[in-house]
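[1] 3D, please:
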Amino acid sequence: MQLQRKIALALLLQVAALPLVVPQAGANNVGVDVNIHLGNAPRPVVVVPAPEPRPVVVTPAPVYQPEPYYDDVEEEVEFIYPQPLGFYVAVGVPYDLFYFNNVYFSFRDGRWFRSPSNRGGWVPVRYRELPSPLRRYRIERIREYRTREYAVYQRDRDHYHGRHRSEKGYWKGRHERLKDDRKFAKEQHKEERRFEKEQRKEDKRFEKEQRKEQKRFEHEQRREERDFDRNRHGRD
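    Just a heads-up that it's a prediction; the model follows:
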């Protein structure tokens, strides 16, 4: 009973002193806690969850689609057919142009292009997407076959049958086509053998010149050594 009276008296004293304390605290910018705690009950703890992070929106980069370009071809392009390649190659144009399975392919500035027409529009194509015959040989080797086949074409232009004219049919009838193929294969084989023979002769000629040059060098070397020994003995 005595304890309750003491607590009530203390509360009355704090309430009576509150009007005097608050103005002074406001002037000094000091916070005042007037909460009265009875007993040992703990204060409640309020846990506020952290805000969720903002979603990150990634905008994909725009995909570049190059515009197809067109060639200003005034005349019809002629194609010849080197049999080892398995596709047609164009002649008389200032770039590498090929024809395979009704599609035209062009190689310019280190890049490949394709088109349904030799006049355009050309769109880029990756190397691994090319037909296998176009990937079988390097571009330098393809040009060699084109040069050799063009020589055959020049010798008998009027009767050359391994020819394709752009956007037109080039053979009539199955029988004639097979006959022309056999004749073309025979001429191609002869041209291959002639080329290999000339290459072997050129290699032998080069080796012979190399041996002669080596003998000449060795002979000059021995003569200089003899002259050196002769001069040295003469001084002695």
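[2] Please make it C-alpha for all contacts and neighbour counts, starting now.
    OK.
[3] Let me see the backbone angles for residue 139.
    Note on residue 139: its backbone torsions stand at phi -60, psi -30 [degrees, to the nearest 10].
[4] how far away is it from residue 188?
    In this structure, residue 139 and residue 188 are 20 Å apart, going by CA to CA, to the nearest Å.
[5] Please say which of those two ends up with more neighbours.
    The neighbour comparison of residue 139 against residue 188 (other CA atoms under 10 Å) goes to residue 188, with 18 against 13.
[6] care to break this structure down by domain?
    As assigned by automatic domain parsing, the chain contains the domains 69-170, 172-230.
[7] would a markdown table of the ones you listed with mean pLDDT be doable?
    Rendered in a markdown table, the data for these read as follows (pLDDT from 0 to 100):
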| stretch | mean pLDDT |
| --- | --- |
| domain 69-170 | 83 |
| domain 172-230 | 80 |
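[8] which residue ranges form the helices in this protein?
    Taking DSSP state H as the criterion, the chain carries its helices at 2-27, 132-136, 139-155, 174-235.
[9] Any chance you could list what contacts the third one?
    Residues lying outside helix 139-155 but in contact with it, judged by CA atoms under 8 Å, 6 or more residues apart in numbering, are 80, 81, 82, 85, 89, 91, 160.
[10] Correct me if wrong: the fifth one contacts residue 83.
    Read that as residue 89. No - in this structure, residue 89 sits apart from residue 83 without contact. The criterion is CA atoms under 8 Å, and the distance is 10.7 Å.
[11] Settle it for me: which of those two has more neighbours?
    Of the pair residue 89 and residue 83, residue 89 is the one with more neighbours under other CA under 10 Å, namely 27 against 16.
[12] ok, back up a step: which of the contacts of helix 139-155 are buried, as a PyMOL select command?
    Paste this into PyMOL to select the buried members of these, with burial taken from 16 or more other CA atoms under 10 Å:
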select buried, resi 80+81+82+85+89+91
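[13] Next step: the contacts of helix 139-155 restricted to strands.
    80, 89, 91 (DSSP state E).
[14] For the nearest residue to residue 128 once chain neighbours are set aside, give its distance to residue 154.
    What sits nearest to residue 128 in space, not counting adjacent residues and going by CA to CA, 6 or more residues apart in numbering, is residue 135, at 7.9 Å. Separation of residue 135 from residue 154 (CA to CA) stands at 27 Å.
[15] can you check residue 97 too?
    Separation of residue 97 from residue 154 (CA to CA) stands at 19 Å.
[16] for residue 124, same thing?
    According to CA to CA, residue 124 stands 33 Å off from residue 154.
[17] repeat for residue 76
    For residue 76, the distance to residue 154 - CA to CA - is 18 Å.
[18] Next: residue 148.
    Taken as CA to CA, the spacing of residue 148 relative to residue 154 amounts to 10 Å.
[19] Comparing these two, which residue is more hemmed in?
    Under the criterion of other CA under 10 Å, the comparison of residue 148 against residue 154 puts residue 148 first, with 15 against 10.
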